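A.B. asks: The sequence isn't on hand, but the structure is:
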């Protein structure tokens, strides 16, 4: 068993087994996230710990990290409300005043409602001039559950006084604009357990049509409206019929931001945890780690599927995400990112 900070770190297998063993005791353990509802939660104790951490002669960063990375987002929201009631101070503003740099940004992401964090990331992505930065918009719109997406879009309108569709129209163009607008509608079909073989064949034929404006619209409709199980069958049928993966057609037929967005969406459809594992690996391989990407993914997936992402990361790259973070990440936010990742995968 690996060690972290002098404490034994459970393996991924042990953690999943532990999760399964407790699944019948509480619905809060019903995900493959690394961060779950704390069962011995005392909001008053947490408020006191945080108050002492920021009120002393020196800021106790380790206590702040320990509290915030061991509570669910719902529990963190309760801590914030209780802190306000007890002290007449805003916890987020108090922590922002006490911290700086990447750790401050990570604490903001942990304490704010998920929809507000997503809305801010989406706004930044749409305003970015570079294609890779705009790709974050596809990530958020394509990977959030329907209810999460609706909350994000409502937060976007509330915080920025504009509908996200208006910003998409103003900041993007061409097929990327059409793709993002379609994703923002959140009209993807749910999987009803029925396989429509005829529709799958029709979709494969439609995707094989010669390139042109009409075919671009067909690609957008199919990839943003069909349920994921159906699309995985379409991908397999496409390979069988053409001898090529769908992604090869994307690389041949599309260019620039449209190609990047389509490739990202195809990756999400095939295997969402693997998609995030690859993005984390890319963020860690840069000359200076992309802390914004690391924070966005680890925070947003910590209560949903980070265990699955860790497993895909180890399988694809031959090294655990935990070790990769240990080797690449420096600075104040290192301990918090490792805490969200949670454990070594042996």
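C.D. replies: Arrived safely, thanks for sending. Just so you know, these numbers come straight off a predicted model, no measurement behind them.
A.B. asks: now the strands for this protein?
C.D. replies: 2-4, 7-9 (DSSP state E).
A.B. asks: Residue 151 reaches residue 115, doesn't it?
C.D. replies: Yes - under the criterion of Cβ atoms under 8 Å, residue 151 makes contact with residue 115 at 3.8 Å. No exception for glycine: its C-beta is placed from N, CA and C like everyone else's.
A.B. asks: any idea where the helices of the stretch 151-300 of the chain begin and end?
C.D. replies: 164-171, 174-184, 197-207, 213-225, 228-242, 246-253, 256-270, 272-285, 291-301 (DSSP state H, counting those that start in this stretch).
A.B. asks: what's in contact with the fifth one?
C.D. replies: The set of residues that contact helix 228-242 without belonging to it, under Cβ atoms under 8 Å, 6 or more residues apart in numbering, is 188-189, 191, 195-196, 199-201, 203-204, 207-208, 222-223, 226, 244-246, 249, 266, 269-270.
A.B. asks: do the last one as well
C.D. replies: When contacts are taken as Cβ under 8 Å, 6+ apart, the neighbours of helix 291-301 outside the stretch itself are 33, 102, 105-106, 109-110, 114, 117-118, 121, 136, 276, 279-280, 282-284, 306, 309, 325, 329, 333, 337, 340-341.
A.B. asks: Averaged pLDDT, it. What do you get?
C.D. replies: The pLDDT scores in helix 291-301 average 97.
A.B. asks: how about the nearest residue to residue 164 once chain neighbours are set aside, what does it touch?
C.D. replies: Excluding the flanking residues, the one nearest residue 164 by Cβ to Cβ, 6 or more residues apart in numbering is residue 156, at 4.8 Å. Residue 156 makes contact with 119, 122, 123, 162, 163, 164 under the criterion Cβ under 8 Å, 6+ apart.
A.B. asks: Rebuild the helices of the stretch 151-300 of the chain as a markdown table, extending it with distance to residue 321 and mean neighbour count.
C.D. replies: Converted to a markdown table, the helices of the stretch 151-300 of the chain look like this (distance: least, Cβ to Cβ, whole Å; neighbours: other Cβ atoms under 10 Å):
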| stretch | distance to residue 321 | mean neighbour count |
| --- | --- | --- |
| helix 164-171 | 31 | 17 |
| helix 174-184 | 27 | 21 |
| helix 197-207 | 34 | 16 |
| helix 213-225 | 28 | 17 |
| helix 228-242 | 24 | 17 |
| helix 246-253 | 24 | 17 |
| helix 256-270 | 17 | 20 |
| helix 272-285 | 6 | 20 |
| helix 291-301 | 9 | 23 |
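A.B. asks: can you put the contacts of residue 156 in CSV and add distance to residue 254 and pLDDT?
C.D. replies: Converted to CSV, the contacts of residue 156 look like this (distance: Cβ to Cβ, whole Å; pLDDT from 0 to 100):
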residue, distance to residue 254, pLDDT
119, 28, 98
122, 22, 97
123, 25, 97
162, 28, 98
163, 27, 97
164, 23, 97
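A.B. asks: Show me which of those are buried.
C.D. replies: 119, 122, 123, 164 (16 or more other Cβ atoms under 10 Å).
A.B. asks: Can you tell me which of those is closest to residue 261?
C.D. replies: Nearest to residue 261 among these: residue 122, at 13.9 Å, using Cβ to Cβ.
A.B. asks: Retrieve the pLDDT associated with the spatially closest residue to that closest one that is not a sequence neighbour.
C.D. replies: Spatial nearest neighbour of residue 122, excluding adjacent residues (Cβ to Cβ, 6+ apart): residue 140 at 5.2 Å. Residue 140 carries a pLDDT value of 97.
A.B. asks: correct me, but residue 140 touches residue 121?
C.D. replies: Yes - under the criterion of Cβ under 8 Å, residue 140 makes contact with residue 121 at 6.1 Å.
A.B. asks: Now for residue 131, how many residues are close by?
C.D. replies: Residue 131 is flanked by 14 other residues according to other Cβ atoms under 10 Å.
A.B. asks: Residue 98 now?
C.D. replies: Residue 98: 19 surrounding residues under other Cβ under 10 Å.
A.B. asks: From residue 292, how far off is it?
C.D. replies: As for residue 98, its distance to residue 292 is 21 Å (criterion: Cβ to Cβ, to the nearest Å).
A.B. asks: ok, back up a step: export the contacts of residue 156 to TSV and tack on distance to residue 318?
C.D. replies: Formatted as TSV, the contacts of residue 156 follow (distance: Cβ to Cβ, whole Å):
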residue	distance to residue 318
119	36
122	33
123	37
162	45
163	44
164	39
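A.B. asks: which among those residues gets closest to residue 212?
C.D. replies: When these are ranked by distance to residue 212 (Cβ to Cβ), residue 164 comes first, at 28.3 Å.
A.B. asks: need the contact list for that closest one.
C.D. replies: Residue 164 is in contact with 122, 126, 153, 156, 157, 184, counting by Cβ under 8 Å, 6+ apart.
A.B. asks: The last one and residue 265, how far apart?
C.D. replies: If you measure residue 184 against residue 265 using Cβ to Cβ, the figure is 13 Å.
A.B. asks: The third one now?
C.D. replies: Applying Cβ to Cβ, the value for residue 153 to residue 265 is 18 Å.
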